[in-house]
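*Asks:* predicted structure and sequence below. I'll ask about it afterward.
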Amino acid sequence: MRALPLRVGTRASPLALWQTRHFLEIITRFCPVLRGVNAFEEHAIRTTGDIIQNRRLADIGGKGLFAKEIHEALLDRRVDFAVHSLKDLETEMPPGIVLACTLRREDARDALILGPGCAPADAGSPYSCLPAGAVIGSSSLRRQSQLLAARPDLQVVTLRGNVQTRLAAIAAGEVTASLLALAGLKRLGLEHEAALALDPEAMVPAAGQGIVAITARADDVELLELLSGIEDWEASAVSKAERALLAALDGSCRTPIGGHARLLPDGTLHLTGLVARPDGSFLLKRTIHGAVSEAVRLGTALGEELRLDSPADIFA
C-alpha cells in the first residue's frame, strides 16, 4: 500500500468541494483501509477559469481552463489525483494524464431558473414564461444558441460565477432568467430553485454534464487500478459516446456543441448530437443508436455526420 495521505486536487467552489467529498466517500466504502482521518488531503486549486469571471470561456481559451492548473499540479506530483466535472475536461487529455474513472451520472438536464416578473413555467412550452426581449444570463454558447433558435427576441448576456453567485444575480433582477445544470443544483440541495427541468432532446446538454470524473497520472499504475474499481459502467459508456462525438466534431471553443447519450430500456445506447451558430440562425440536431459496446463508434459516426451536413463556417 502506498504512503498516505493521498492528495486530491479540486477546484475551490462549493460544488467542486461537494463532488470531491462525495468521491472520497465512495472510494473509502470500496477500500475500507482508507477509512481514516489521515487517508486524504484536499488541495483546492484556483484555475484560470475561476479567476477570470468577466469574460466568456470561449474568449479566453475554452473549458479546459477549469482543469489546466489542476493537471499541472498532477504532473508536478503536488497531488495524486483530481476530481472534476467531466464537462470541464478537454476532449484530449494532456500528455501524461489519463481519465481514470467516471462516477454514476446525476441528472444531465439543464434547468430553467426564473427571476421576478416571469410567468409560471410550462413544460409544454418551456420558454413561453419569458417576457418578450427578456435578458438571459449565460456564459454557455451551447445554451445561448438553442435559446435564440427557439426565441430570437431574447437577449443573452454573460453571467459567470459559481452556482450561488448566479442564483443571487437572478434573484436580484440583474437578468430575467438563466439556465444551470440540474446536477449541480441537486448536489448542493438547491433543486427547488429550478422552475423547470428541460427535456435533453429539446435543450441538448453539454457532453459529460452531470458526471464526476477523476484524472490521474498515466504512470501511477497502483492508483489507476484502485480507481478502476469504482468506475460506473453506464457513465463510462455514455461518456465515451459523448466525448467521441466531440472529438469527431473538433469544433473551436466558439462552436456551440451539445451531446447527450442514454441507455434505452432494451439496453440500446441512444445518442443525440447538436451543432449550431451562437446566434441560433443555424441549428442541426441528429440522433443515432446502437450497442453499448459500440459507444465510441457511434459518437464518431454522429460527429462526422453533423460536420458533413453543417456549413463550413460553423467549424472555422
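*Replies:* Cool, got the structure.

*Asks:* all helices for this protein, in order.
*Replies:* Using DSSP state H, the helices of the chain run over 14-30, 48-51, 57-60, 68-75, 141-150, 163-171, 182-187, 221-228, 233-249, 295-308.

*Asks:* which of these has the lowest average pLDDT?
*Replies:* Lowest mean pLDDT within those: helix 57-60, at a mean of 55.

*Asks:* touching, D199 and R109? I think so.
*Replies:* Yes - assessed by CB atoms under 8 Å, D199 is found in contact with R109 at 7.4 Å. Every C-beta, even on glycine, is put in place using the N, C-alpha and C of the backbone.

*Asks:* count the neighbours of the spatially closest residue to V163 that is not a sequence neighbour for me.
*Replies:* Once flanking residues are discounted, V163 sits nearest to G184: 5.3 Å by CB to CB, 6 or more residues apart in numbering. G184: 24 surrounding residues under other CB atoms under 10 Å.

*Asks:* quick check: pLDDT value at the residue most central in space within the chain.
*Replies:* Note on the chain: the residue nearest the mean C-alpha position is K87, at 2.8 Å, using CA atoms, centre = their mean. At K87, the model reports a pLDDT of 93.

*Asks:* pretty sure it sits against A206.
*Replies:* Yes - here K87 lies in contact with A206, judged by CB under 8 Å, at a distance of 4.4 Å.

*Asks:* identify the contacts common to those two.
*Replies:* Counting by CB atoms under 8 Å, 6 or more residues apart in numbering, the contacts common to K87 and A206 are A181.

*Asks:* okay, now K186: neighbour count?
*Replies:* Summarising burial for K186: neighbours were counted as other CB under 10 Å, giving 15.

*Asks:* residue contacts, it?
*Replies:* Listed by CB under 8 Å, 6+ apart, the contact set of K186 reads E106, D107.

*Asks:* pLDDT value on the closest residue to S13 other than its chain neighbours, please?
*Replies:* Spatially, and ignoring its direct neighbours in sequence, S13 is nearest to N162 (4.5 Å; CB to CB, 6+ apart). At N162, the predicted lDDT confidence score is 87.

*Asks:* ok, D199 and R109, which is more surrounded?
*Replies:* More crowded of D199 and R109, by other CB under 10 Å: R109, with 22 against 12.

*Asks:* hmm, L182 and that one touching each other?
*Replies:* Yes - R109 is within contact range of L182, at 4.8 Å (criterion: CB under 8 Å).

*Asks:* picking that back up, the helices of the chain: which one's closest to R277?
*Replies:* helix 141-150 (6.3 Å; CB to CB).

*Asks:* and that closest one, what does it pack against?
*Replies:* Applying 3 or more CB pairs under 8 Å, 6 or more residues apart in numbering; DSSP states H and E, one finds that helix 141-150 makes contact with strand 155-157, strand 257-263, strand 269-276, strand 283-290.

*Asks:* repeat the analysis, applying 6 Å as the threshold.
*Replies:* Using 3 or more CB pairs under 6 Å, 6 or more residues apart in numbering; DSSP states H and E as the contact test, no helix or strand touches helix 141-150.

*Asks:* for it, give me every contacting residue.
*Replies:* Residues outside helix 141-150 that contact it (CB atoms under 6 Å, 6 or more residues apart in numbering) are 58, 127, 138, 154, 156, 179, 203, 206, 256, 258, 276, 278-280, 283.

*Asks:* how far does it sit from its chain's centre?
*Replies:* Its chain's average C-alpha position is 17 Å from that of helix 141-150, according to CA atoms, centre = their mean, to the nearest Å.

*Asks:* mind listing the strands for the stretch 1-150 of the chain?
*Replies:* With strands called from DSSP state E, counting those that start in this stretch, the stretch 1-150 of the chain shows them at 6-10, 40-44, 81-85, 97-102, 110-114, 135-137.

*Asks:* wait, which of the ones you listed is closest to P120?
*Replies:* From these, taking CB to CB, the stretch that ends up closest is strand 110-114, at 8.7 Å.

*Asks:* can you tell me which helices and strands the closest one packs against?
*Replies:* Using 3+ CB pairs under 6 Å, 6+ apart: strand 110-114 touches strand 177-181.

*Asks:* each with direction, which strands does the strand it packs on pair with?
*Replies:* Using DSSP bridges, strand 177-181 pairs in its sheet with strand 110-114 (antiparallel), strand 135-137 (parallel).

*Asks:* TSV for the strands of the stretch 1-150 of the chain, including mean neighbour count?
*Replies:* Putting those into TSV (neighbours: other CB atoms under 10 Å) gives the following:
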stretch	mean neighbour count
strand 6-10	20
strand 40-44	16
strand 81-85	24
strand 97-102	21
strand 110-114	25
strand 135-137	22
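
*Asks:* would you turn the ones you listed into TSV with distance to A149?
*Replies:* Formatted as TSV, the strands of the stretch 1-150 of the chain follow (distance: least, CB to CB, whole Å):
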stretch	distance to A149
strand 6-10	35
strand 40-44	38
strand 81-85	25
strand 97-102	30
strand 110-114	14
strand 135-137	13
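
*Asks:* since that was my last question, I'll sign off now.
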